[in-house]
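*Asks:* Below are the sequence and a predicted model; questions follow.
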Amino acid sequence: MPTFDFITGPATEREADLLIVPVYEGPEAGPGVKDVERALGVSILDTLKDNGLTGKKHEFFSVPAYDKLPVTTVLVVGLGPRREVDSDRVRRAAGHAARWTSRYASVVTTLPQAASGKADDNVHAFVEGLLLGSYRFTHYKSSSNGDDAARLERVTIAGGARWDAKTARKAIERGQVYAEAAMWARDLVNTPAGDATPDFLAKAAAKMAGEVGLECKVWTKADLTKGGFGGVLGVGQGSMNDPRFIELRYSGGGKNERPVAITGKGITFDSGGLSIKDAAGMEWMKSDMGGAAAALAAMRAIAILKPRVNVIAGIPSAENLPSGSALRPGDVITHRGGKTSEVLNTDAEGRLVLADALAFLAEQDPVLIVDAATLTGACMVALGEDLWGVMGNDRRLIREILDAGEEVGEPGWELPLWREYKRHIESPIADVKNVGQRYGGAIHAALFLAEFVGDTPWAHMDVAGTAFQQKAGDYWGKGGTGNPARTFIRFVENRAAKARPRKKAAAK
């Protein structure tokens, strides 16, 4: 992990191996470009034009410094039209630039100066993008194959003359915490399911909790049986690897303050059970615990950032495999709290384990509950791979989650929790059944979950398309993305920030 520094002087006076400067579409000079031109005695913009470049986003061009600057190379980064350059454009540009920075030991850049908005948001976004774009999962490689031939050791961010250095350095620290959380979530998702069992996930959570100061309780199979977690037990009963339930608590608010509750689907491998998937559909099912990984990673970051709010996480984890002891289509299970469900499709298992988690969390008298799950292909059909879907029983809560996602570059879109479709999940022999008709599958799944939250304000994030990618993106490679860990973190931080003014008013 590189160290970060902040300066307000000209980037061209800082000694480093690589200098990164931005240009807008046109091309139009961004911060630091004129300084580079004066030092080199050449026009960067004319050089771009001569090479057929106009400063569009994701355009890159390198120029040797010829000993005229205290750097070896200048990397020119295209950002697109100036009016479109915000903190997320900086984040994505930094993620792409990470492909170059891995070749150098030290980097200095003016990139965060190029965006509109708050300086600290731009610094935070740059740090996130650079770190997330540098991420590689090499745990199972016998050699690096050149992936990690060089290690970036130092990054210097050159801010504007009026930028506050203390605020910028705090933004750097927060950006690191966010990125490290997302990278840890990626590690969990990318670990093969043969190693990443429910017990592995629980032990990783317990170790993390001990490191950052969270309360942690791991519920074993015996505990789950005693506690009436029929959904977690039912899904896991076909596997030799017993299920787990991970309970984490962060106490940052008042002693009697109601907590924010979060959860995520933790199916460490999903074969579909007896309703088995085809071979291609199983190839990436180690990622079916992406929601759980994001929730765990968020709790890690929350403990480090210390927002003034109480948070509880209840994360169910099981392995969905076929065997002689597996759930059968037509079986009825009893969930935490006593509600029953008829299981018609064992491949609709995520909602079964989440039902127990939601019922448990609702018992804790939270102010709200948010869950994230790689739940339905139907959501991917509707929104593709760039957007997660969100549904729930509280529109204000949904708006807060969407805003948090937008702020950190993990955008989502609201889908309707159309109550009329509840007729599709009515069961003749149980309280509810776990699948509806073919169309509206994401809504049916959310309506199933809604049965277990009572009157608690609740929102469900379907992240089937965003938690795992089959091809590289702006700041992620093929595999786990860490989405929506950063949305969870920002949402909790925003809730804490909103609560403080109310407390001050009450004190008066």
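*Replies:* Arrived safely, thanks for sending.
*Asks:* and stretch 253-269, which residues are buried?
*Replies:* Residues of stretch 253-269 classed as buried by neighbour count (16 or more other Cβ atoms under 10 Å): 253, 259-269. (C-beta placed from N, C-alpha, C; glycine too.)
*Asks:* for the stretch 151-300 of the chain, which spans come out with low pLDDT?
*Replies:* Applying pLDDT under 70 to the predicted model, the stretch 151-300 of the chain contains no residue that meets it.
*Asks:* ok so, going back, and the furthest pair within the buried residues of stretch 253-269?
*Replies:* Between any two of the buried residues of stretch 253-269, the greatest separation by Cβ to Cβ is 36.4 Å, found for Gly253 and Phe269.
*Asks:* what separates Glu283 from Lys478, distance-wise?
*Replies:* Look at Glu283 and Lys478: by Cβ to Cβ, to the nearest Å, they are 12 Å apart.
*Asks:* the more surrounded of these two?
*Replies:* Shown here are Glu283 and Lys478; by other Cβ atoms under 10 Å, Lys478 has more neighbours (14 against 11).
*Asks:* Am I right that that one is in contact with Ala472?
*Replies:* Yes. With contacts counted by Cβ atoms under 8 Å, Lys478 reaches Ala472, the gap being 5.7 Å.
*Asks:* what about Val332, is that helix, strand or coil?
*Replies:* Classification of Val332 using DSSP: H, G, I helix; E, B strand; the rest coil returns strand.
*Asks:* For it, name its beta-bridge partners.
*Replies:* Beta bridges link Val332 to Glu342, judged by DSSP bridges.
*Asks:* Isn't it up against Thr340?
*Replies:* Yes. Counting by Cβ under 8 Å, Thr340 is a contact partner of Val332 at 5.6 Å.
*Asks:* what is in contact with these two at once?
*Replies:* Shared contacts of Val332 and Thr340 (Cβ atoms under 8 Å, 6 or more residues apart in numbering): Ala430.
*Asks:* where exactly do the helices run in the stretch 51-200 of the chain?
*Replies:* Chain-ordered helices for the stretch 51-200 of the chain, with DSSP state H, counting those that start in this stretch as the definition, fall at 87-101, 119-134, 165-190, 198-212.
*Asks:* Pull the contacting residues for Asn51.
*Replies:* In this structure, Asn51 makes contact with Phe61, judged by Cβ under 8 Å, 6+ apart.
*Asks:* actually Gly291, not the one I wrote
*Replies:* In this structure, Gly291 makes contact with 263-266, 371-375, 461, 463, 467, judged by Cβ under 8 Å, 6+ apart.
*Asks:* 7 Å instead, please
*Replies:* 264-265, 372-374, 463, 467 (Cβ atoms under 7 Å, 6 or more residues apart in numbering).
*Asks:* Neighbour-wise, which one of those residues leads?
*Replies:* Gly264 leads those on contacts (other Cβ under 10 Å) with 35 neighbours.
*Asks:* Nearest residue to that one in space, ignoring adjacent ones along the chain?
*Replies:* Nearest in space to Gly264, with sequence neighbours left out and distances taken as Cβ to Cβ, 6 or more residues apart in numbering, is Gly291 at 3.2 Å.
*Asks:* The one you found belongs to a strand, doesn't it?
*Replies:* No. Checked against three-state DSSP, Gly291 lies outside a strand; its state is helix.
*Asks:* how close does it get to Ala326?
*Replies:* The gap separating Gly291 from Ala326 is 22 Å, by Cβ to Cβ.
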